[in-house]
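**Q** need the 3D shape of this:
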Amino acid sequence: MDKDTFKQEAKTLLSEAEAVIDLDDSHQLDQTAATLEGYHYAPTLLWPINGFVRMNKEKLLRVMKEAFESDDDALISYGFDTSADLDEKRLLQMRSLLHHYRFLLRLRKGEAEAWDQFSELYEDD
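**A** Residues are numbered from 1 along each chain as shown. Got it, this is the predicted structure:
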């Protein structure tokens, strides 16, 4: 992937993240986080993000910008080799973060369909 395409796609993802409307209810955030932590919930990401279930929009933007700006050595330390398209890995991390954060917001809002999806993954056999 060329650098211009990478930068454009990353900026688009950051713009989408900035447009996300965060839930402004600390009680609901804490309650949802406690439930998810009870299940040891952690989204599937290319490299780990501490405290995801308590993340707010500000932290989401910061973590996405860190992925965008990460140097190759940082990605190699997560196990990617130098033959990989590291810019594509950065974009995949950013896409995954945004996707999982949107799902987290749905859980925080108490959307039954989101909780059903969660239950299928973590409760049902």
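
**Q** when you work out contacts or count neighbours from here on, use the C-alpha atoms and nothing else.
**A** Will do.

**Q** regarding the protein, what is its longest helix?
**A** Ordering each helix of the chain by length in residues (DSSP state H) puts helix 86-108 first.

**Q** and Glu16, how far is that from Tyr41?
**A** In this view, Glu16 and Tyr41 are 24 Å apart by C-alpha to C-alpha, to the nearest Å.

**Q** higher neighbour count, those two?
**A** Counted by other C-alpha atoms under 10 Å, Glu16 and Tyr41 do not tie: Tyr41 has more neighbours, with 14 against 11.

**Q** ok, then the element right after the longest helix of the chain?
**A** The first helix or strand that comes after helix 86-108 along the chain, using DSSP states H and E, is helix 112-122.

**Q** okay, now the unreliable bits of this structure?
**A** Applying pLDDT under 70 to the chain flags the ranges 124-125.

**Q** kindly recompute the last result at 80.
**A** Applying pLDDT under 80 to the chain picks out residues 82, 84, 124-125.

**Q** dump the residue contacts of the residue nearest to the spatial centre of it.
**A** The centre of the chain sits closest to Leu97, judged by C-alpha atoms, centre = their mean, with a distance of 1.8 Å. Taking C-alpha atoms under 8 Å, 6 or more residues apart in numbering as the criterion, Leu97 is in contact with Leu45, Leu60, Met64.

**Q** Leu91 too?
**A** For Leu91, the contacting residues are Phe6, Glu9, Ala10, Ala67, Phe68, by C-alpha under 8 Å, 6+ apart.

**Q** now Arg106
**A** Ala114.
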